[in-house]
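[1] Sequence below, structure please.
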Amino acid sequence: MVTERPRLRERKKQATRRALREAALRLALRHGPDKVRVDDIAEAAGVSPRTYNNYFSSREQAIVAAVTAEREERVAAAVTARPADAGLADTVIEAIVEQYTDPGEDHRDALILITTHPALRAAFVGAATDIEPPLTTAIAARLGDPEPTTARVLAASVAAAVRVALDTWVRPATASGLVLPSGSLADLLRDALTPLVPALDAAEARARHQR
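    Down below sits the predicted model:
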C-alpha cells in the first residue's frame, strides 16, 4: 500500500500534465495561440489556474509540450535499447535523429502552428534542454559510470547541439517572418552532433579502459 500511493500520485500527475498540454494544443489550433489564455487551458482540462502553474510556466510551453511530450524519455530509451557493442556516438546520434524527425501524423498541424509563431518556435527550440537528465542517465549506464559528471557534460552538449539544429531549421527565412524549414532536419541534427563524436568516442574508450 505504501508503494502504491506514490505511484498513484505520479499517474495522476502524468494524467493532469497530459490533459493540460492536449487542451492547450486543441485551443491553439482552434482559436490561434495568441487568443488562448492560461485560464482557458485550465478550464478545458478541468483544473484550476493554480494547478496549471504547477506544470507549465506559460501557454507556449504547454502548447509545445503536446508535440515534445515524452520525447526525452524516448531518446533515453532508444540509447539504452541499442546493442552494447554499438558505439556510443552512433547510438546517441541515431537516437536523436530517430526521435526528432518522426512527429507522427497527429502532430503535423501542431508543427505548422509552432513554426509560424515566434514565441512557440522559441519554446520548441528551448524544450531540447529537457533531454539532458534522462540522457545523462542513459549515457552513464552505457559508460558504467557511477559518478556521471562526464555523462552530464556529454548530455548537455548533445542538448545544445540539438537546439542549434532546431533553431536553424525553424529560423524565419524571409523579412515577413515566414518560416521555410531549412533543409532536412535529420541532416541538420547530424551536422550539429558530428563535432561531439570525438568527445563521445573518448569517453567510451576511457570507460572501456577502466573496466
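[2] for the helix-or-strand element of the chain with minimal mean pLDDT, packing partners?
    Every helix and strand of the chain was ranked by mean pLDDT, DSSP states H and E. The lowest is helix 108-115, at a mean of 83. Packed against helix 108-115 by the contact rule (3 or more CB pairs under 8 Å, 6 or more residues apart in numbering; DSSP states H and E) you find helix 4-31, helix 59-68, helix 118-126. C-beta here means a position set from N, CA and C on the backbone, and glycine is covered the same way.
[3] Please render these as TSV that adds distance to Asp201 to the earlier fields.
    Formatted as TSV, the helices and strands packed on helix 108-115 follow (distance: least, CB to CB, whole Å):
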stretch	distance to Asp201
helix 4-31	36
helix 59-68	29
helix 118-126	27
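[4] Most tightly packed of the ones you listed?
    helix 59-68 (a mean of 24; mean count of other CB atoms under 10 Å).
[5] Let me see the backbone angles for Ser57.
    Phi and psi for Ser57, reported as degrees, to the nearest 10, are phi -90, psi -10.
[6] From Leu189, how far out is it?
    For Ser57, the distance to Leu189 equals 26 Å [CB to CB, to the nearest Å].
[7] Asp145 too?
    Following CB to CB, the distance that separates Asp145 from Leu189 is 25 Å.
[8] Who has more neighbours out of these two?
    Shown here are Asp145 and Leu189; by other CB atoms under 10 Å, Leu189 has more neighbours (24 against 18).
[9] What pLDDT does the model give that one?
    What the model reports for Leu189 is a pLDDT of 95.
[10] So which other helices or strands are in contact with the helix or strand it falls within?
    Using DSSP states H and E, Leu189 sits within helix 185-193. Here helix 185-193 touches helix 88-100, helix 149-169, going by 3+ CB pairs under 8 Å, 6+ apart.
[11] wait, which of these is closest to Val64?
    Ranking the helices and strands packed on helix 185-193 by their distance to Val64 (criterion: CB to CB) puts helix 149-169 first, at 11.2 Å.
[12] which helices and strands sit right next to that closest one?
    Using 3+ CB pairs under 8 Å, 6+ apart, helix 149-169 sits against helix 88-100, helix 118-126, helix 132-143, helix 185-193, helix 197-210.
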